[in-house]
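Undergrad: Build me a model from this:
(one chain, ligands or ions: 1)
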Amino acid sequence: MPGKILFSLLLSTLLATAPVAADTRAFVGATIIDGTAIDEGGSTMTEDAVVLVRDGRIVAVGSRSEVEIPGDAERIDLTGRYLIPGLINAHAHVGDVRGLESGHYSEDNVLRQLGLYARYGITTAVSLGGDEDEAFVIRDAQERSDLDHARIFVAGPVLNPGSPEAARIAVDRVADMNPDYIKIRVDDFLGRGQKMAPEVYEAIAVRSMEHDIPLAVHIFYLEDARALLELNADLIAHSIRDQHVDQALIDQMLARDVCFNPTLTRELSTFVYAEEPDFFSDPFFRREVDDAVIETLLEPDRQRAMQESPMAEGFRAALPIARANLKLLSDAGVGVAMGTDSGVAGRFQGYFEHLEMEMMAEAGLTPAEILYSATGGAARCMGLEDLGTLEAGHWADMVILRENPLDDIRNTRSIEQVRIAGNRVPDAD
Ligand SMILES: [Zn+2]
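TA: Next up, the predicted model:
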C-alpha cells in the first residue's frame, strides 16, 4: 500500500475514533441462541455466555470462561435471560401509513416506524416497495455505532410498467437509486385486476440481472411463481396461495436457493377485522396502538363491509393453502425468510411479526425453524451479511428475552430490552 494512502487511512481512522474512547460493552450471563442454524438440539445455544461489543459490533461471543472482558467495559448483567439476534422482517413496508391511513410518507414517519419495529425486537425491516428518497438516505446512514432504530433495506417503488421498453427504463431509474431489491407484483387480485404481462416481467427480470440487483416478486398463483423462477427471480415475496406446491416448484426453488416470505398475516389482515380479533385484548398489541385505531376497526359498518367482501372471503380461503405450502416448502429445505407485509393499513408493524411467527407455528414449523427464519435464515436469504446472527464482526443487534423462544415461539414476546449496535432501544415518547 502506498505510504500516502496508508497515512491518510490512519489519519481518518484516528479522526473517526479520537473524540470518544472505544465504547465496549459486555453482555454477561444470558443463555444465547446465536441464530446460525436451525437449533433443534441446543447446537447454537451457550449458557452463561458473554457477548462482547465494541463500537456497535460484536467482537467476541462464547461462554464466560472463553471470553475475556476488558476492565473498562460496561457490564450488562443478563443472568437468567435469553439473548437472541435481533429479528428480521424480510418483507415490510415502511413510511406510508399513519393510523389506518396511507399517504403519509415522510422522513419522520419512516423513522417513527423504524422505532416502532425496534421496540418489538424487529431490528431490521427489509422494505419491499414504496420506498422514497428519504428511506435511501436513512439506509445509507445506518452503518454507525450510535444507531438505535431498526435498520432498513429498500426496493424503491414497486414497478408496474406497461411495456418491455418502459420496463427497462423503470429498472434503470431504480437502479440509479441503488436499491437492495427490485420489486414487482404479478397478480390479478383474485381476478379483479390486470396481471402484468409476461413480456413485461421478463424485461424487468433481464434488466435487473444486468444491474445485478435481486428481483423480489409478489405472486399469488403457482404458475406465476414457476414462470418467474424460470426467469431467475431471487425471492418469492409471498406464499403461493392458489394450490399446493408440487415437486417441480420445490426443485426450481432448491436449484437456485430461492427463498420465500410466508406473509401469513397479510391474508389474516384481509378478513380478521370482520369481527373483533383476539389480539385486540393483548397488552403487547395495545401498548403501541392508538385506541382510536381500535375503535375505528370495531365500527359495525366497517365490520359488516369486511364480512360481505368477496375479496376477504377469497383471501380467507387462501390462508390454509398458504399455511400448507409453508410446511411443504420448509420440510423440503427451501429457505424461509420470515416476512409479514406489515406497514400497510391494518397490518401492524412490530406486533404482526410476532403474530406471523405464531401462525408459522400453527402451520407446523418448530420454534427452532421459525426463530432461524427470522434471524440467521432471513439474513442468508436476503443477503444481509453482517446481521442476523451473534458472531464476531456482526452488528450487535440483539433481543433480550425473559423466556426461552425455543420452548414456545410466543416467548419472543417476553422482551426485556432490545439492542441495536449494542445501544438500548428507547421506549416510546
Ligand atoms: Zn408487500
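Undergrad: Please count neighbours and contacts with C-alpha atoms only from this point.
TA: OK.
Undergrad: Where does the prediction get shaky in the protein?
TA: Scanning the chain for pLDDT under 70 picks out the ranges 1-22.
Undergrad: Give me the residue at the spatial middle of it.
TA: Centroid-nearest residue in the chain: residue 89, 1.3 Å away (criterion: Cα atoms, centre = their mean).
Undergrad: Are we agreed that that one is in a strand?
TA: Yes. Counting by DSSP: H, G, I helix; E, B strand; the rest coil, residue 89 falls inside a strand.
Undergrad: Now do the contacts for residue 160.
TA: If you count contacts by Cα atoms under 8 Å, 6 or more residues apart in numbering, residue 160 has them with 167, 184, 185, 196.
Undergrad: closest to residue 385 among those residues?
TA: Distance to residue 385, by Cα to Cα, is smallest for residue 184 among the contacts of residue 160, at 23.9 Å.
Undergrad: Do a quick rundown of the strands in the stretch 51-200 of the chain.
TA: Per DSSP state E, counting those that start in this stretch, the stretch 51-200 of the chain carries strands over the ranges 57-63, 74-77, 82-85, 87-92, 122-127, 151-153, 182-186.
Undergrad: Name the residues of the second one that are buried.
TA: Of the residues in strand 74-77, those with enough neighbours to count as buried (16 or more other Cα atoms under 10 Å) are residue 75.
Undergrad: what about stretch 255-274, start to end distance?
TA: End-to-end distance for stretch 255-274, by Cα to Cα, to the nearest Å: 41 Å.
Undergrad: An error on my part: the question was meant for stretch 180-189.
TA: Where stretch 180-189 begins and where it ends lie 26 Å apart, using Cα to Cα.
Undergrad: buried ones in that stretch?
TA: Residues 180, 181, 182, 183, 184, 185, 186, 187 are the ones in stretch 180-189 that count as buried (16+ other Cα under 10 Å).
Undergrad: Kindly report the same for stretch 80-96.
TA: So, applying 16+ other Cα under 10 Å, buried residues of stretch 80-96: 81-96.
Undergrad: go on, stretch 36-52?
TA: Within stretch 36-52, the residues scored as buried using 16+ other Cα under 10 Å are 36, 37, 38, 39, 45, 46, 47, 48, 49, 50, 51, 52.
Undergrad: how many neighbours does residue 414 have?
TA: 17 (other Cα atoms under 10 Å).
Undergrad: Show the contacting residues for it.
TA: Applying Cα under 8 Å, 6+ apart to residue 414 gives the contacts 401, 402, 403.
Undergrad: next one: residue 28
TA: 48, 49, 50, 51, 64, 75, 76, 77, 78, 79.
Undergrad: Out of the contacts of residue 414, who's the most crowded?
TA: Using other Cα under 10 Å as the neighbour criterion, residue 401 leads the contacts of residue 414 with 24 neighbours.
Undergrad: I'd like the next helix or strand past the lengthiest helix in the chain.
TA: In the chain, with assignment by DSSP state H, the single longest helix is helix 310-331. Next helix or strand after helix 310-331 toward the C-terminus (DSSP states H and E): helix 351-362.
Undergrad: In that next one, which residues are buried?
TA: Buried residues in helix 351-362, counting neighbours by 16+ other Cα under 10 Å, are found at 351, 352, 353, 354, 355, 356, 357, 358, 359, 360, 361.
Undergrad: got the residues you listed as JSON lines, with distance to residue 416 columns?
TA: Formatted as JSON lines, the buried residues of helix 351-362 follow (distance: Cα to Cα, whole Å):
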{"residue": "351", "distance to residue 416": "15"}
{"residue": "352", "distance to residue 416": "18"}
{"residue": "353", "distance to residue 416": "17"}
{"residue": "354", "distance to residue 416": "15"}
{"residue": "355", "distance to residue 416": "18"}
{"residue": "356", "distance to residue 416": "20"}
{"residue": "357", "distance to residue 416": "19"}
{"residue": "358", "distance to residue 416": "19"}
{"residue": "359", "distance to residue 416": "23"}
{"residue": "360", "distance to residue 416": "23"}
{"residue": "361", "distance to residue 416": "23"}
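Undergrad: Quickly name whichever of the residues you listed is closest to residue 288.
TA: Using Cα to Cα, these come closest to residue 288 at residue 351, 8.7 Å.
Undergrad: Pretty sure residue 120 is one of the things that closest one touches, is it not?
TA: Yes. Counting by Cα atoms under 8 Å, residue 120 is a contact partner of residue 351 at 6.8 Å.
Undergrad: Overlap of the contact sets of these two?
TA: Counting by Cα under 8 Å, 6+ apart, nothing touches both residue 351 and residue 120.
Undergrad: Now for residue 324: which residues touch it?
TA: Residue 324 neighbours (Cα under 8 Å, 6+ apart): 244, 363.
Undergrad: so how far is residue 384 from residue 284?
TA: Separation of residue 284 from residue 384 (Cα to Cα): 28 Å.
Undergrad: again, but for residue 175
TA: 19 Å.
Undergrad: Can you tell me the element the closest residue to residue 394 other than its chain neighbours falls in?
TA: Excluding the flanking residues, the one nearest residue 394 by Cα to Cα, 6 or more residues apart in numbering is residue 386, at 4.4 Å. Following DSSP H and E, there is no helix or strand that holds residue 386.
Undergrad: What is the burial count for residue 386?
TA: Neighbours of residue 386 (other Cα under 10 Å): 19.
Undergrad: Residue 395 versus that one, what's the distance?
TA: For residue 386, the distance to residue 395 - Cα to Cα - is 6 Å.
Undergrad: swap in residue 422?
TA: Using Cα to Cα, one gets 8 Å for the distance from residue 422 to residue 395.
Undergrad: does residue 242 really touch residue 219, like I thought?
TA: No. Counting by Cα under 8 Å, residue 242 does not reach residue 219; the two are 10.1 Å apart.
Undergrad: Quickly list what's touching both of these two.
TA: Counting by Cα under 8 Å, 6+ apart, nothing touches both residue 242 and residue 219.
Undergrad: Neighbour count for those two, which is higher?
TA: Ranked by neighbour count (other Cα under 10 Å), residue 242 and residue 219 place residue 219 first, with 24 against 17.
Undergrad: Would you mind measuring from the more buried one to residue 82?
TA: Applying Cα to Cα, the value for residue 219 to residue 82 is 37 Å.
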